[in-house]
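**Q** Here you go, sequence then predicted model.
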Amino acid sequence: MAFVAAIALGPRIDAYNIHGEYDTRHNNPQNVLLGTFVLYWGWFPFNAGSTMSIGEGFDVLAGRAAVTTAVASGVGTIVGLAYSMKAHGYADLYATSTSVLASLVSITAGCALVRPWEAAVIGACGAVIALRSEKLLRRLKIDDPVGVIPVHGVAGIWGVLSV
């Protein structure tokens, strides 16, 4: 839905500069960091609570969901930092936030089923896939101001397929 809406609406008036490059002047790093922080800490009770098994003798599933969520997001963060260092030469807040959220989305489908090393692979791949798809969207001039398509769309599809 977000992809179709982004194509139908087209890019914002000043989303790209005169050279055709994406203009990040309108991004607010404080809001990006705050939003990522709130989503990050809300994801743990969401994934653990989604197992619907606490108190029924299957609370191991909730614990596994919390551990795999932490592992996937931690590895996704490291991969995002490394990716931005290689691509830009500095640690990019936006790329790191995208990678954190993409790794969280990627692990959600199988958080209670996978082992920690599998969660690391799922989170790392989700981060890279989201960052690469974000770059592709910018090249195609599809303006996604908050990164919904790469994070929830592309990384979400990867997470479902990885289960």
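**A** Ah, there it is.

**Q** quick one: the most centrally placed residue in the chain from residue 45, how far?
**A** By Cα atoms, centre = their mean, the mean C-alpha position of the chain lies nearest to residue 102, the distance being 1.6 Å. To residue 45, residue 102 is 20 Å away according to Cβ to Cβ, to the nearest Å. Placement of C-beta: from N, CA and C, glycine included.

**Q** Then residue 151?
**A** Per Cβ to Cβ, residue 151 is found 20 Å from residue 45.

**Q** If we go by neighbour counts, what in whichever helix or strand residue 132 is part of is buried?
**A** Using DSSP states H and E, residue 132 falls within helix 116-139. Judged by neighbour count using 16 or more other Cβ atoms under 10 Å, the buried positions of helix 116-139 are 118-131, 133-134, 137-138.

**Q** What residues does residue 83 make contact with?
**A** Listed by Cβ atoms under 8 Å, 6 or more residues apart in numbering, the contact partners of residue 83 are 95, 99, 127-128, 131.

**Q** Surely it is in a strand?
**A** No - with DSSP: H, G, I helix; E, B strand; the rest coil as the criterion, residue 83 is located in helix rather than a strand.

**Q** is it true that the residue nearest to the centre of the chain touches residue 133?
**A** No - using Cβ atoms under 8 Å, residue 102 makes no contact with residue 133, being 9.0 Å away.

**Q** what about residue 113, which SS state?
**A** Following three-state DSSP, residue 113 is assigned to coil.

**Q** Could you check how far residue 98 is from residue 49?
**A** Taken as Cβ to Cβ, the span from residue 98 to residue 49 is 25 Å.

**Q** higher neighbour count, the two?
**A** Neighbours were counted for residue 98 and for residue 49 using other Cβ atoms under 10 Å; residue 98 has more, 27 against 13.

**Q** What strand or helix carries that one?
**A** Assigned by DSSP H and E, residue 98 belongs to helix 93-108.

**Q** what's near enough to touch the residue lying closest to residue 74 once chain neighbours are set aside?
**A** Nearest residue to residue 74, sequence neighbours excluded (Cβ to Cβ, 6 or more residues apart in numbering): residue 123, at 7.5 Å. Contacts for residue 123 (Cβ under 8 Å, 6+ apart) come out as 71-76, 79, 103-104, 106-107.
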